[in-house]
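> Requesting a structural model of the entry that follows:
(one chain, ligands or ions: 3)
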Amino acid sequence: MILALAGNQNSGKTTLFNQLTGSNQRVGNFPGVTVEQKTGAVRAVKNCTVVDLPGIYSIRPYSAEEIVTRDFILNQRPDGIINIVDATNIERNLYLTLQLIEMRVPMVLALNMMDEVRGNGGTIDIAKMSEELGIPVVPISAAKNEGIDELVDKMVKTAKDKALPRRIDFCESGPVHRCIHAVSHIIEDHAEKLGISPRFAATKIIEGDEDLTGRLELDGNELEMIEHSVVEMETEQDLDRNAAMAEMRYQFIEKVCARTVVRSRESREHSR
Ligand code: GDP
Ligand code: MG
Ligand code: K
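Ligands and ions are numbered 1, 2, ... in the order given. This next block holds a predicted model:
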């Protein structure tokens with residue numbers, strides 16, 4: 001079983017990777033680039049390898065780290081993704097989470113730094129967050145070695161069951177919803193032929209990922225229909241394509257956090 005460990009910089013990825021693998025690590029590079037690739041055997045599980053993906057904030061085609069992450073997941077098809085999230089900085093961290101969910105790979109969210117959240121007097125409704133995101137969520141503290149066993153159990157079970165994220169849509173109506181839906185429909189056959197989630201491919205095409213668009217081998221007519229649909233969305237939403245997609249994700253994240261995160265008085269005042 002191959003697992004990928006994905007998350008923002010400073011989310012505790014290295015700390016968790018070390019907990020999972022102990023000293024059982026190999027360091028190399030991802031193929032063709034100078035991005036370091038650390039691989040390790042998960043201590044608690046037979047024949048289970050975890051690959052440490054670079055720390056990134058979004059899956060866009062703008063840096064080697066972002067491209068490596070996208071391509072590792074699309075091309076290597078890991079059996080599961082452990083998405084580590086800094087619970088003290090949850091809104092920002094969940095931006096990547098939504099894009100990973102769109103890729104439709106069995107996935108578990110490791111909600112890290114829970115010791116700090118608790119220490120600040122905050123709480124997070126884990127069950128509710130799991131329901132809202134449509135993936136298992138496990139609270140952990142990588143630095144204190146808390147929750148790691150449960151995380152591994154949940155990840156192995158989710159991967160063995162090939163359980164995909166239950167949520168597909170992050171907005172249920174409106175111009176962005178209609179545009180993603182229309183583009184997904186146009187590219188569906190091309191994406192499925194490559195084993196890529198049509199919805200993920202659609203969001204990346206809308207955001208101007210030319211490399212991924214090229215791989216889908218769309219014809220001129222299809223490209224024209226897509227551009228028409230995106231321009232219509234920009235007009236209706238009065239935002240450019242990238243801003244519209246970002247707003248859609250942040251609105252969903254805001255809603256999830258409003259329903260699940262209780263901040264301490266101190267951190268509420270701090271964030272004002
Ligand atoms: P990476 O950039 O994602 O690889 O993050 P690191 O593993 O280097 O961790 C970033 C910082 O967060 C380090 O100072 C860690 O000691 C700290 N850290 C990691 N996990 C936890 C945790 O569960 N709780 C707390 N309080 N700090 C943590
Ligand atoms: Mg690191
Ligand atoms: K910290």
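> Please make it C-alpha for all contacts and neighbour counts, starting now.
Noted.
> Can you pull out the low-pLDDT segments for this structure?
Applying pLDDT under 70 to the chain picks out residues 265-272.
> to the chain's geometric centre, what's the distance from stretch 149-169?
14 Å (CA atoms, centre = their mean, to the nearest Å).
> Check the gap between Ile196 and Asn93 for me.
Distance, Ile196 to Asn93, using CA to CA, to the nearest Å: 24 Å.
> My error: substitute Asp211 in the last question.
Counting by CA to CA, the gap from Asp211 to Asn93 is 25 Å.
> more neighbours, these two?
Asn93 (23 against 12; other CA atoms under 10 Å).
> Next, work out how far apart the closest residue to Phe72 other than its chain neighbours and Ala246 are.
Distances taken as CA to CA, 6 or more residues apart in numbering place Pro78 nearest to Phe72, at 8.0 Å, with adjacent residues excluded. Using CA to CA, Pro78 is found at 26 Å from Ala246.
> Those two: which is more packed in?
Comparing Pro78 with Ala246 by neighbour count (other CA under 10 Å), the higher total belongs to Pro78, at 21 against 12.
> and the stretch 101-250 of the chain, which of its residues are near ligand 1?
Residues of the stretch 101-250 of the chain lying near ligand 1 by CA under 6 Å from any ligand atom: 112-113, 115-116, 141-144.
> Mark which of those are buried, thanks.
When these are checked for burial by 16 or more other CA atoms under 10 Å, the buried set is 112-113, 115, 141-142.
> Can you pick out the ones from these that are in helices?
Asp115 (DSSP state H).
> Find the pair from the buried ones among the residues of the stretch 101-250 of the chain next to ligand 1 with maximum spatial separation.
For those, the maximum inter-member distance is 9.4 Å, found between Asp115 and Ala142 (CA to CA).
> Which single residue of the stretch 151-272 of the chain ends up nearest ligand 1?
Leu151 (13.1 Å; CA to the nearest ligand atom).
> which non-adjacent residue is nearest that residue?
Residue nearest to Leu151 in three dimensions, not counting chain neighbours: Val138, with 5.9 Å by CA to CA, 6+ apart.
> Isn't Glu65 up against Pro54?
Yes: between Glu65 and Pro54 there is a contact under CA atoms under 8 Å: 5.6 Å.
> which neighbours do those two share?
Here Glu65 and Pro54 have Val35 as joint contacts, going by CA atoms under 8 Å, 6 or more residues apart in numbering.
> picking that back up, verify the assumption that the residue nearest to Phe72 is located in a helix.
No: looking at Pro78 with DSSP: H, G, I helix; E, B strand; the rest coil, it is coil, so not inside a helix.
> so how far is Ser197 from it?
Pro78 is 14 Å from Ser197, by CA to CA.
> Done for today, thanks.
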